[in-house]
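In: Sequence and predicted structure, then a few things I'm wondering about:
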Amino acid sequence: MKPLYVGATADTDREALTAAREFLSAQFGLPVRETELPGVDFAFDPRRNQYGSSAVLDMLARLCPPDAAKLVGLTERDLFIPVLTFVFGHAQLQGRVAVVSLARLRQEFYGLEPNRDIFLDRVRKEVLHETGHTFGLVHCGDRSCAMALSTRVQQIDEKQAAFCPACVRQLEHGVTA
């Protein structure tokens with residue numbers, strides 16, 4: 001059984017890394033290993049003052065360990081794709097890699113008081129969501145499902161840190177690792 005890997009850049013919140021690793025292990029029933037990732041400054045776009053997530057995915061694909069089922073990278077950097085203002089994360093659909101940005105998962109990004117419980121809950125939901133994409137799951141119409149599309153942080157808060165029954169069935173019936 002191939003392990004999942006969760007990687008993080010040096011500046012990434014270590015408690016978030018641990019929460020992601022433990023949560024993914026429990027959700028997928030696979031061993032999860034941690035790995036250190038290089039910084040993503042190469043992906044900085046000065047016009048947007050953000051980091052291109054596609055370039056980060058390309059890097060992760062090159063660094064993905066040969067024994068890995070999947071590699072989910074965590075970064076503190078604010079990510080974007082050209083057609084969107086920002087993304088909470090980005091994944092290769094049925095691919096091997098995904099990235100999650102912690103920047104907009106923090107209450108203080110929105111001018112609010114820090115709240116570790118809310119932050120870590122959002123981290124769990126987003127790593128599950130992006131990992132779900134790597135296993136072939138697409139956005140789900142069930143707003144409570146972890147695979148529901150989130151374009152605002154409030155939508156992350158509204159969903160569960162779990163797949164709905166339909167997404168679970170998809171995982172069990174042919175969505176490949």
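Out: Cool, the structure landed.

In: residue ranges for the strands of this protein, please.
Out: Remark: strands assigned in the chain by DSSP state E are 4-9, 32-37, 44-45, 50-52, 70-75, 79-80, 89-91, 97-101.

In: So which of those is nearest V138?
Out: Among those, strand 89-91 comes nearest to V138, with 10.8 Å by CB to CB. Glycine gets a C-beta too; all of them are placed from N, C-alpha and C.

In: Quick one: list the elements packing against the closest one.
Out: helix 53-63, strand 97-101, helix 116-134 (3 or more CB pairs under 8 Å, 6 or more residues apart in numbering; DSSP states H and E).

In: burial of the residue nearest to F80 when sequence neighbours are not counted, as a residue count?
Out: In space, and not counting its chain neighbours, F80 is closest to Q50: 4.4 Å by CB to CB, 6 or more residues apart in numbering. As a burial measure, Q50 scores 20 neighbours (other CB atoms under 10 Å).

In: Can you lay out the strands of the chain as CSV showing distance to T18?
Out: CSV is the format used below for these (distance: least, CB to CB, whole Å):
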stretch, distance to T18
strand 4-9, 9
strand 32-37, 8
strand 44-45, 27
strand 50-52, 23
strand 70-75, 11
strand 79-80, 21
strand 89-91, 18
strand 97-101, 14
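
In: In TSV: those, plus mean pLDDT and distance to R62.
Out: What follows is those, written out as TSV (pLDDT from 0 to 100; distance: least, CB to CB, whole Å):
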stretch	mean pLDDT	distance to R62
strand 4-9	96	12
strand 32-37	96	11
strand 44-45	98	18
strand 50-52	98	15
strand 70-75	98	10
strand 79-80	98	18
strand 89-91	98	16
strand 97-101	98	9
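
In: give me phi/psi at the nearest residue to K125 once chain neighbours are set aside?
Out: Spatial nearest neighbour of K125, excluding adjacent residues (CB to CB, 6+ apart): A161 at 4.9 Å. Backbone torsions of A161, given as degrees, to the nearest 10, read phi -90, psi 50.

In: picking up where we left off before, adding distance to A166 and mean neighbour count, write the helices and strands packed on strand 89-91 out as CSV.
Out: Below are those laid out as CSV (distance: least, CB to CB, whole Å; neighbours: other CB atoms under 10 Å):
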stretch, distance to A166, mean neighbour count
helix 53-63, 27, 18
strand 97-101, 21, 28
helix 116-134, 12, 22
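
In: Cool, thanks, talk later.
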